[in-house]
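> Structure, please.
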Amino acid sequence: MADRNDRDRDVSPARDSAPDLRILGDQITLQPSGFVEPSKPTRDEGKEEALMKHMARFRSEPLQFLREVSLYVSGTGWRAYDNVIGQPIFYSGFTEHIKSHVLSAPLLQSKISQLADLRLTIEERDGLFGHPAHDDKEFQIKRANRRSVLIQSLQDVAENLTDNMICKFESKTFIRSAYYLVTQLLLRAYHQGIHVSSEEVLRLRRVAEEAARKKQSIIFLPCHRSHVDYVSLQLLCYRLGLALPVVVAGDNLNFPLVGSFLQHAGAMYIRRSFGDDQLYTTLVQAYIDVLLQGGYNLECFIEGGRSRTGKLLPPKFGILSFVMDSLLSGRVDDAIICPVSTQYDKVVETEGYVTELLGVPKKKENLADFLSGGSSVLSLRLGRVDVRFHEPWSLRGFITDQLTRLSKNPSGSVDWRNTKNAIVRQKILRTLGYKVLSDINAVSVVMPTALIGTVLLTLRGRGVGRAELIRRVEWLTCRVRAKGGRVAHFGNAPLSDVIERGLEVLGKDLVGVVEGLAEPTYYAVDRFQLSFYRNMTIHLFISEALVAAALYTRVKRGGGPAMQDISYQDLLDQVLFLSSLFRGEFIYSSEGLTVNLERTLAGLEADNVIHIERTEDGKITKIGLSDAERAAGRENYDFYCFLIWPFIEASWLAAVSLMGLTPPLNIDQGGGEKGGEKGDDIWIQVSKAHNSAQLLGKTLYHQGDLSYFEAVNKETLKNSYTRFEEEGIIQVVKSKDTKIPPRLRLAPEWKPARDSKTGNLIASGRLWDFTEKIASSRREGKNRRDGATVSTRVVKLTDELGRKLFDEAIHGDAKAKGSAPPRLSHEEARDLTRAVKEKNRRRSLEGRAHL
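Residues are numbered from 1 along each chain as shown. Below you'll find the predicted structure:
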């Protein structure tokens with residue numbers, strides 16, 4: 001080990017960070033971080049590749065296999081899991097200890113008393129105890145007895161809910177066996193092991209020691225792309241001697257056998273939706289309080305569910321809001337936040353993600369699928385897993401800093417020092433969520449498969465030769481590093497070998513190769529699935545991509561170079577529009593648009609992608625493509641455009657689909673006659689509107705009006721609709737009755753006009769202009785003219801689909817499962833009016849850029 005460390009220090013100045021730990025079963029070795037263009041491997045380095053093998057298997061190495069099993073059974077060395085850093089866990093009685101603290105929590109007991117009294121008031125009003133006379137002792141006795149019964153009933157419900165929810169760290173024998181079993185399974189699928197940064201691990205251990213001394217919890221907040229995320233983090237904590245975190249998991253995973261196994265390994269189960277269940281909400285809060293007060297580590301996913309697109313999702317604030325309440329209420333003094341990035345050569349679930357994104361409903365987890373899926377995974381060779389830990393930080397310190405910052409910019413209607421104010425809490429919570437996402441992006445490692453996928457999807461033409469693929473991957477590697485990103489290393493392996501490994505992991509189903517040519521030529525077989533890996537790099541180049549897309553509004557016009565230049569103000573306006581449009585898709589720099597834009601322009605100018613004209617005092621007046629970039633076939637400029645175009649196309653598709661939500665002039669109200677009544681008050685189910693938009697997209701793609709099939713992916717379309725709702729383009733109503741799904745309609749001020757004679761949509765107005773502004777940065781298609789096509793055939797198609805939505809809303813079976821009434825109740829209409837006013841007020845307070 002010492003020799004290897006010495007050699008690492010002497011090899012190359014490019015190694016600007018601490019070496020990585022390669023963890024495979026029983027062995028840990030250090031290796032240099034950052035990709036290194038290699039010299040010829042020495043004999044010693046070649047021997048170290050043996051560490052990349054699986055743990056021993058009974059068939060091939062029976063004696064070694066039995067030896068490893070005996071070490072786990074006996075708890076030899078680190079396997080004993082005795083001297084862990086953190087609070088005591090895995091002892092008999094742990095579950096009862098936690099359970100008793102949760103059930104006796106003052107917060108929970110107060111809520112139980114409150115709910116009992118509310119029910120008692122209703123029963124008393126209904127005369128269930130008779131009518132009390134003055135000093136009626138019998139009435140008081142009945143009432144007191146009934147209150148005791150209600151409290152006991154609620155207590156029993158709370159106890160049952162707690163038992164189903166809390167994790168059960170009971171047995172070290174169990175966790176040793178579970179660790180060995182899961183490691184065997186994981187390393188058969190990810191045959192190149194789990195990799196971490198030694199610098200980050202050592203820092204994390206120091207923080208954990210200090211947190212344990214202060215009895216503070218470490219809250220791990222990883223990104224979420226796979227079920228392997230929480231498995232790999234649990235394995236790392238076990239192997240490195242840290243107390244395992246309690247993992248927040250959806251109760252969809254709590255199915256027979258597997259649910260109990262995960263619960264004893266650290267899972268706490270919560271419902272996907274709490275609704276108006278006050279008891280359950282308080283119970284979750286009490287459990288979070290107990291964990292944080294006891295200094296137990298916690299893990300929850302900042303994105304909520306798994307990302308089906310490969311990039312980070314907007315933050316979900318559910319569990320974080322409970323954590324925040326624990327601190328803001330004073331029930332907990334402090335907790336340590338540790339953002340975590342988990343990256344994969346290949347994510348095992350991507351094939352299933354594609355089917356979901358194309359509209360196939362997600363299947364409910366069950367034991368049969370788990371076993372059959374697990375067995376098939378064992379035969380795969382999925383490369384490796386890279387886990388990176390951001391520098392942990394104090395949540396109390398973050399809250400204090402935010403409150404200080406907010407109070408320096410006082411608002412007349414909001415006291416930013418009042419932490420009980422919902423607007424103040426929401427502001428801090430939102431800032432917290434996006435800071436964590438930014439921290440995750442900052443430490444994320446770009447895998448070879450992501451480099452290859454990005455290159456293949458950002459080149460013009462059907463395929464790319466081997467030499468060109470290597471050249472572009474090398475260029476992209478340099479660009480990633482220049483942007484402060486990290487690239488996964490493979491020791492001293494040549495870049496060509498790294499690419500070969502990446503192609504092998506991706507497999508023939510994603511990347512094909514044409515043999516028998518002058519050189520091997522690679523092409524994207526499944527662009528939709530490959531886009532998952534491209535999206536792993538997009539966060540690094542989003543600023544350049546937005547600038548390139550804004551400049552494209554001029555470049556697409558053609559003509560001479562001078563005609564394709566754009567003024568700084570026009571560029572700024574389009575970048576502002578696009579960045580606001582994609583606010584729910586990407587994580588931006590916190591420095592502000594103007595600062596970020598000028599830095600991005602300076603970087604593109606230094607890379608010789610663009611030229612900039614300035615006044616004598618240095619003020620930017622005009623931007624255009626550089627002569628060098630034109631001479632190179634616009635390859636680098638096109639790279640940035642190709643990154644963002646699928647998302648622009650998806651937003652354009654979503655905006656076009658909104659035109660179909662314009663009510664027809666005459667709607668058949670039932671009874672077989674055209675009532676001639678306007679359909680302004682008809683509401684469409686949100687899920688059906690999404691499905692209609694996706695059907696429109698699939699049709700347009702196959703008819704040549706969409707360039708990217710990825711644009712029809714349901715996740716991106718949903719994000720666009722959410723963004724349109726935020727901006728007030730559409731209005732969404734969620735009924736208090738959980739059986740009624742959310743409904744939407746176009747906001748009145750955004751509704752396009754119709755021809756009074758034909759009833760056809762008129763391609764003009766506010767929504768049309770909005771759609772055209774998106775289209776101005778959209779990739780120009782072959783053999784089509786966007787404006788004329790959209791204003792006639794495409795608008796007609798979306799109108800036809802919209803009419804079907806209105807007909808189904810009116811004539812659908814109102815009693816069918818999952819159906820929704822086409823009109824709002826008086827209460828819902830009143831709540832909508834209030835919500836619109838409140839949303840407008842909040843938007844004005846937040847002062848964000850609007851579309």
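
> Just the local confidence number for the nearest residue to residue 583 once chain neighbours are set aside, please.
When the adjacent residues along the chain are set aside, residue 583 lies closest to residue 723, with 6.7 Å between them (C-beta to C-beta, 6 or more residues apart in numbering). (C-beta placed from N, C-alpha, C; glycine too.) What the model reports as pLDDT for residue 723 is 94.

> helices and strands around the helix or strand encompassing residue 723, which ones?
Counting by DSSP states H and E, the element that carries residue 723 is helix 714-726. The helices and strands touching helix 714-726, judged by 3 or more C-beta pairs under 8 Å, 6 or more residues apart in numbering; DSSP states H and E, are helix 350-357, helix 635-659, helix 686-702, strand 730-733.

> Contacts for the first one next, please.
Spelled out, it's helix 350-357. The contact list for helix 350-357, computed with C-beta atoms under 8 Å, 6 or more residues apart in numbering, reads 306, 308-309, 347, 362, 526, 528-529, 532, 713-715.

> Quick one: work out the angle between it and helix 714-726.
Orientation of helix 350-357 against helix 714-726 (axes from the mean of the first three to the mean of the last three C-alpha atoms, to 10 degrees) gives an angle of 40 degrees.

> tell me what the helix ranked longest in the chain is packed against?
Longest helix of the chain, by residue count under DSSP state H: helix 137-165. Here helix 137-165 touches helix 94-103, helix 106-125, strand 267-270, helix 278-294, going by 3+ C-beta pairs under 8 Å, 6+ apart.

> 10 Å instead, please
Where contact means 3 or more C-beta pairs under 10 Å, 6 or more residues apart in numbering; DSSP states H and E, helix 137-165 is packed against helix 94-103, helix 106-125, helix 258-265, strand 267-270, helix 278-294.

> Can you point out the buried residues in it?
Within helix 137-165, the residues that qualify as buried are 142-143, 146-147, 150-151, 154, 158, 161-162, 165, counting by 16 or more other C-beta atoms under 10 Å.

> What average pLDDT does that helix get?
89.

> Double-check residue 83 against residue 242; I have them as touching.
No. Counting by C-beta atoms under 10 Å, residue 83 stays clear of residue 242, with 11.1 Å between them.

> okay, and the helix or strand of this protein with the least pLDDT?
Ranked by mean pLDDT, DSSP states H and E, the weakest helix or strand in the chain is helix 43-48, scoring a mean of 31.

> Quickly find the element holding residue 744.
strand 743-746.

> Past that strand, which element shows up next along the chain?
Sequence-wise, the next helix or strand downstream of strand 743-746 (DSSP H and E) is helix 766-775.

> List the buried residues of that following helix.
Going by neighbour count (16+ other C-beta under 10 Å), the buried part of helix 766-775 is 767-768, 770-775.

> Give me the residue at the spatial middle of the protein.
In the chain, the C-alpha nearest the mean C-alpha coordinate belongs to residue 313, at 2.5 Å (C-alpha atoms, centre = their mean).

> Pop the domain breakdown of the protein in here.
Listed domain ranges for the chain are 541-633, 638-846 (source: automatic domain parsing).

> Distance to residue 121 for these - can I get that in JSON lines?
Putting those into JSON lines (distance: least, C-beta to C-beta, whole Å) gives the following:
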{"stretch": "domain 541-633", "distance to residue 121": "43"}
{"stretch": "domain 638-846", "distance to residue 121": "21"}
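
> I'd like to know which of those is closest to residue 110.
Among the domains of the chain, domain 638-846 comes nearest to residue 110, with 24.9 Å by C-beta to C-beta.

> how distant is the closest one from the center of its chain?
With C-alpha atoms, centre = their mean, to the nearest Å as the basis, domain 638-846 stands 24 Å off its chain's centre.

> higher neighbour count, residue 83 and residue 242?
Between residue 83 and residue 242, counted using other C-beta atoms under 10 Å, residue 242 has the larger neighbour count: 22 against 7.
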